[in-house]
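Asker: With the input below, show me the fold.
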Amino acid sequence: MDEITKNYIKLERAEFVSRLMIDSDLSEKDVKIGLCLLHELLYKMIMNTNTNTNTNTNTNTNTNDGGA
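Answerer: Model prediction:
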């Protein structure tokens, strides 16, 4: 993704959040942006949870008391 596209996405997100903050009417485009943001946040949370779970599992399974 080129830099112009990334900046455009950031601008769209900022405008969406601005409209939410002032409680203005949301267009269909705004709803789509909001759903994409929600999906992205949930995905990051799930990935973070999975990473933490795997790290904890590896830590717990790698503890060895020497066979005692």
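Asker: distance of Ile22 from Asp2?
Answerer: From Ile22 across to Asp2, the span is 31 Å (C-beta to C-beta, to the nearest Å). In short, each C-beta sits where N, CA and C put it, glycine included.
Asker: For stretch 31-41, buried residues please.
Answerer: Neighbour-count burial for stretch 31-41, with 16 or more other C-beta atoms under 10 Å as criterion, is recorded at Ile33, Gly34.
Asker: what about the spatially most central residue of the chain, which helix or strand?
Answerer: Most central in the chain under C-alpha atoms, centre = their mean is Leu41, positioned 2.5 Å from the mean C-alpha point. In the assignment (DSSP states H and E), Leu41 maps to helix 28-61.
Asker: Number of residues surrounding Phe16?
Answerer: Neighbours of Phe16 under the rule other C-beta atoms under 10 Å: 20.
Asker: Settle this for me: it is touching Cys36, isn't it.
Answerer: No - here Phe16 does not reach Cys36: they are 9.4 Å apart, not a contact under C-beta atoms under 8 Å.
Asker: From the rest of the structure, what touches stretch 29-49?
Answerer: With C-beta atoms under 8 Å, 6 or more residues apart in numbering as the contact definition, stretch 29-49 has outside contacts at Glu12, Arg13, Phe16, Arg19, Leu20, Leu26.
Asker: State the number of residues packed around the last one.
Answerer: Burial measure for Leu26: 14 neighbouring residues, criterion other C-beta under 10 Å.
Asker: who's in contact with it?
Answerer: Arg19, Leu20, Gly34.
Asker: Generate TSV for these, with distance to Met47 and pLDDT as supplementary columns.
Answerer: TSV is the format used below for the contacts of Leu26 (distance: C-beta to C-beta, whole Å; pLDDT from 0 to 100):
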residue	distance to Met47	pLDDT
Arg19	28	86
Leu20	25	84
Gly34	20	89
